[in-house]
Structure formats: C-alpha cells, structure tokens
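*Asks:* how does the following fold in three dimensions:
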Amino acid sequence: MDVEKRLRRTRAWLWTVVVGLILSGVTAFPLDIEVRWLLRAINPLADQMPALVAWVERVHIGLVETGDRYPFMRYGTDWLAFAHLVLAVAFWGPLRDPVRNVWVVQLGMIACLGIVPLALICGPVREIPWFWTAVDLSFAVGAFPPLWFAYRHIRAIEAQQAKPADQAHSSTPRTPASARP
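*Replies:* Next comes the predicted model:
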C-alpha cells in the first residue's frame with residue numbers, strides 16, 4: 001500500500017477518535033438533562049430491565065439533588081468535558097503529521113488501557129453496577145482499535161519513508177572515519 005493511501009486511512013481512523021472525544025466532551029456538560037431523557041426512554045423497559053432503570057433513576061436523582069444543593073459539584077463534569085475536548089485538540093498533531101506525532105496516538109492507546117483497571121477497581125469502590133462498568137469499559141473497546149489501526153499505518157509509513165534513505169546510504173560507498181580529512 002502506498003504512503004498516500006496509508007495517510008488517508010490513518011487520518012480516517014484518527015478522525016473517528018476525535019469525533020468520539022468531541023461527542024463525549026460536549027455531552028458531559030448537560031448530564032442531568034441527558035439522564036432525564038435516558039430515563040424517559042428506558043422507563044417502558046422497567047419490567048424487562050429493572051436494575052438498569054433503577055440505576056439510571058438513581059443517577060438522575062443524584063445529579064438533580066447534588067446540582068440543586070451543591071451546584072459547584074457540576075464543575076467536576078465541566079472539567080471532564082473540557083478534558084475530552086482538549087484531548088480531541090491534541091490529535092491535531094497526528095492528523096497533520098502522523099509520523100512525527102505518533103506519540104499522541106501511543107498516549108491515546110495507553111489511556112484506553114488505563115480505563116480497564118480504573119473501571120474495574122474504582123467502579124466497585126464507588127458502587128457502580130457491573131453493567132455500567134461495562135459501559136465505561138466500552139470507551140476503551142471503542143477507541144483502542146481505531147488508534148491501533150492508525151498506529152500500524154503510521155509505523156508502515158515511517159518504514160516506507162525510511163527505505164529510500166536507507167537505499168541511498170547503502171549504494172554510496174562510505175569512507176572510514178580514519179581516512180576523512
């Protein structure tokens with residue numbers, strides 16, 4: 001596969017992650033409204049999924065009561081939203097020059113891997129039900145593959161770009177350091 005095709009594929013995978021980060025970020029601002037909508041949507045399923053409906057109802061009550069009594073607590077989710085948006089901006093580097101900024105993609109993959117112990121350890125400590133922990137783990141499952149595919153393409157581009165330079169060096173006879181003036 002040629003470099004241009006790999007660059008297009010790399011950028012497509014990276015845009016997938018960027019869009020996901022932006023959506024995760026902007027949806028973290030109006031949590032109480034979104035959870036209210038979610039509760040209305042799943043309420044008819046209360047007989048089939050009582051634990052899920054009860055959990056979403058508990059989260060909604062917690063968000064509303066905490067927001068009413070302690071509005072400054074919403075500032076925490078504002079920062080969560082901001083962090084997602086900042087991470088999305090960080091991917092501008094790899095979108096422009098993937099080989100030079102491959103470290104951002106590596107950081108993203110490490111962050112995805114870090115979600116797993118965070119969710120599995122902190123979820124039970126914070127009394128998060130197992131099915132919601134699975135939702136949290138889905139962020140890692142959703143973001144890691146496109147980052148991995150982008151990373152593989154970036155490394156292939158890097159190797160393809162290094163080949164002409166290696167061939168040029170190998171065809172030019174080298175003068176030993178001791179024979180140089």
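
*Asks:* count residues in the vicinity of V125, would you?
*Replies:* Look at V125: counted by other Cβ atoms under 10 Å, it has 7 neighbours. Every residue, glycine included, has its C-beta placed from N, CA and C.

*Asks:* just how off-centre is the longest helix along the chain within its chain?
*Replies:* Looking across the chain with DSSP state H, the single longest helix is helix 130-171. Centroid displacement of helix 130-171 relative to its chain, using Cα atoms, centre = their mean, to the nearest Å, is 13 Å.

*Asks:* can you give me the buried ones in stretch 133-149?
*Replies:* By neighbour count with 16 or more other Cβ atoms under 10 Å, stretch 133-149 contains the buried residues 133, 136-137, 139-140, 143-144, 146-147, 149.

*Asks:* and if you look at stretch 77-84?
*Replies:* Within stretch 77-84, the residues that count as buried by 16+ other Cβ under 10 Å are 77, 81, 84.

*Asks:* work out the gap between it and the centre of the chain.
*Replies:* Centroid displacement of stretch 77-84 relative to its chain, using Cα atoms, centre = their mean, is 13 Å.

*Asks:* average pLDDT across that stretch?
*Replies:* The pLDDT scores in stretch 77-84 average 95.

*Asks:* what do you get for stretch 95-104?
*Replies:* Here stretch 95-104 scores 97 as its mean pLDDT.

*Asks:* just the buried residues of that stretch, please?
*Replies:* Of the residues in stretch 95-104, 95, 98-99, 101-102, 104 count as buried by neighbour count, 16+ other Cβ under 10 Å.
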